[in-house]
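Peer 1: Got a predicted structure here, sequence first:
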Amino acid sequence: MKSNSSRRKIYFLGIFGSGNLGNEATLSAILSNLRRLLPNAEIACICSGPRETAAEHKIPAFPMKEKPLSPVRNRFVRSLRRIFVGIPMEFYRWYKAISILKDADMLVMTGTGMLGDFGILSTSLHYEIVKWSLAAKLCRCELLFVSVGAGPLRSRSSRILVKFALRLADYRSYRDAFSKEYLEGINFDTRRDFVFPDLAFSLPRTLIPSRPDRDGRGTVVGVGIMTYHNRRDSSESDDSVYSGYLENLGEFLAWLIERGYVVRLLIGDAVYDQPVRRDLRRLLEGKGIDYGVSRIIDEPASSMEEVLAQLAATDIVVASRFHNVLLALYLDKPVVAISYHEKVEALMAGFGLSEYCQDIENMNVERLVGQFQAAEKCAQVLKPRIEEKTEVCRTALEEQYARIFASTPS
């Protein structure tokens, strides 16, 4: 520990405040537990949306990275600017990181898919992780990676950066066995590391909304959608995967509506899931399904609390985004997962629900209908099983919080 002061300074780093509602659930969970265990701790956040994070959580927040310079087309000018502006600016950013952490006792990195490369370049988040990890060590600040997901890392430079940052850590835990085994497979020593569940399972139970009045409606199916192109989360290649996903999703929704189900659309990112909402509506209206009179509820959430409220109003969930699936399980809902990443498959397997999971790039509507019908039929058997496993996750996370915060006096 840096000092003998009883008022500890604990900083968090991640992609927070940028619209990803799953990331917000992760931050909310660890902050609520830290405040419960160490009410006197000074808390701050280093993130991509400092203004939003500061307003939401009433804590100081700093930008993970200063805003980039506006793009320049001329290659020669771009090269000169990189040398005479970019390099000095990067030295300043390092200085700024050290000045922010100079009085911190602990830097905690968690969630936000930070150790994989889905939508992440080595020159962006992975570089920032290394920078802030080194700054923490220079400031004699404890560095913790808590319940993080890892892999896949298809870029060699990303693998190098991620492993370097992890080696600097005083504590490491992963949210599933897949992450730990993946790192072992790329020759990273995980023998002193732990596996604990995703932090969102430790959200306070007081956040669970009461079940709303149905007004005579039938079974409500929550359908989580996402703007998905490929394993790298890139639209640079052809649009065939996205188009196929959209067409299959539209066919499944039409099947639900024809059979009298109420469909509540769910998103997991307030920014990036807007395109799929628009495209799905256009596709369904092309099939003759009018949003104005059909049994579709399309009220995009703008906060983690709204996602929870919408999930609580469903009977069964079919979703792709990781935290749509996780929060549905947190609420003891039967879930069918259309998986876009190994972390979704690992989560479903951990709950004994692998038979209710299929790959997003090989999505089969007939199989999805069968999985949905099976989950609905077995709901009364699945719910207590899910509830029991969720409680195991909460207990494990309580153990982890005691482990990482026990040596921090309040």
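Peer 2: Happy to help now that I have it. Numbers count the residues shown, from 1 in each chain.

Peer 1: What about the closest residue to L353 other than its chain neighbours, how many residues nearby?
Peer 2: The shortest distance from L353 to any non-neighbouring residue, by Cβ to Cβ, 6 or more residues apart in numbering, is to V335 (6.7 Å). Quick note: C-beta positions are derived from backbone N, CA and C, even for glycine. By the criterion of other Cβ atoms under 10 Å, V335 has 28 neighbours.

Peer 1: contacting residues for V335?
Peer 2: Residues in contact with V335, defined by Cβ atoms under 8 Å, 6 or more residues apart in numbering, are 316-319, 325, 328-329, 348, 353, 356, 375.

Peer 1: Going by distance to S124, which of the residues you listed wins?
Peer 2: V325 (25.8 Å; Cβ to Cβ).

Peer 1: what residues does the helix or strand encompassing the closest one touch?
Peer 2: Following DSSP states H and E, one finds V325 within helix 322-330. With contact meaning Cβ under 8 Å, 6+ apart, helix 322-330 is reached by 21-22, 25-26, 198, 200-201, 203, 222, 224, 266, 268, 307-308, 311, 314, 317, 319, 335, 337, 341, 343-344, 347-348, 351, 386, 389-390.

Peer 1: helix or strand right after it?
Peer 2: Heading C-terminal from helix 322-330, the first helix or strand you meet, by DSSP H and E, is strand 335-339.

Peer 1: quick check: angle from that next one to helix 322-330?
Peer 2: 160 degrees (axes from the mean of the first three to the mean of the last three Cα atoms, to 10 degrees).

Peer 1: Strand 335-339 pairs with which strands, and in what direction?
Peer 2: Within its sheet, strand 335-339 is paired with strand 316-319 (parallel), strand 357-359 (parallel), according to DSSP bridges.

Peer 1: To L283, which of the ones you listed lies closest?
Peer 2: Closest to L283 of the strands paired with strand 335-339 is strand 316-319 (Cβ to Cβ; 16.8 Å).

Peer 1: Keeping just the C-alphas, turn that closest one into CSV.
Peer 2: Taking only C-alpha atoms (Å, rounded to 0.1, in the frame of the first residue of the first chain), the coordinates of strand 316-319 have been written out as CSV:
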residue,chain,number,x,y,z
ILE,A,316,-38.6,-15.5,-21.9
VAL,A,317,-35.6,-14.0,-23.7
VAL,A,318,-33.9,-14.6,-27.0
ALA,A,319,-30.8,-12.5,-27.3
